[in-house]
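1. Model the structure of this input:
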Amino acid sequence: MSASLLRRGLELLEAPGRGKAPPGLQQGRDGPRAAGAARRRKRAPEPSRNKATVKGRVVKSAIEEYHKKAAVNHLRANLQYMLKGRFVANKAITEQVLAQNRGRKSKDQPPKKAAKKKPEGTVFTEEDFRKFEREYFGRP
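-> Numbering: from 1, shown residues only. Next up is the predicted model:
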């Protein structure tokens, strides 16, 4: 409800003997808005905030933002966690799990391990070498 409607309603409900309001309560010639504007002008100026900034925005440190977004290396913590456990899986089971997770492409297959060749024993004995040495070089 506006102020003018409220004022009119009060005038209608006003007692018949009373006329206008006493001269001390009357508002100035300019009307009700002029008095409010004067009051606003008289109010002490407060330190105003910067209107160019977004409301509620806080200036953040660039260094803090960098540290927040920098990648964190969790290797040390993960290694400690993994080494802390006492249970070690069976090697056969580990190989089976790795084989299941491997793809069918050749690049996913592990390199083939070449079987170690046993050094072949010589047919000749040490005595045969000494005999050959004596015959060939002429030494005793």
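2. where does the protein have its least confident helix or strand?
-> Of all helical and strand segments in the chain, the minimum by mean pLDDT, DSSP states H and E falls on helix 32-42, at a mean of 71.
3. after that helix, next one along is what?
-> Under the assignment DSSP states H and E, the closest C-terminal helix or strand after helix 32-42 is helix 62-69.
4. where do the helices sit along this structure?
-> 3-13, 32-42, 62-69, 75-84, 91-101, 126-137 (DSSP state H).
5. between the second one and helix 3-13, how many degrees?
-> The reference is to helix 32-42. Using axes from the mean of the first three to the mean of the last three CA atoms, to 10 degrees, the inter-axis angle of helix 32-42 relative to helix 3-13 is 130 degrees.
6. Then the longest one?
-> Relative orientation of helix 126-137 and helix 3-13, computed by the same axes, to 10 degrees: 150 degrees.
7. Buried residues, helix 126-137. List them.
-> Within helix 126-137, no residue counts as buried by 16 or more other CB atoms under 10 Å. In short, each C-beta sits where N, CA and C put it, glycine included.
8. Same check on the shortest one?
-> Going by neighbour count (16+ other CB under 10 Å), nothing in helix 62-69 comes out as buried.
9. what packs against it?
-> Helices and strands touching helix 62-69, as assessed by 3 or more CB pairs under 8 Å, 6 or more residues apart in numbering; DSSP states H and E, are absent.
10. Cheers, nothing more for now.
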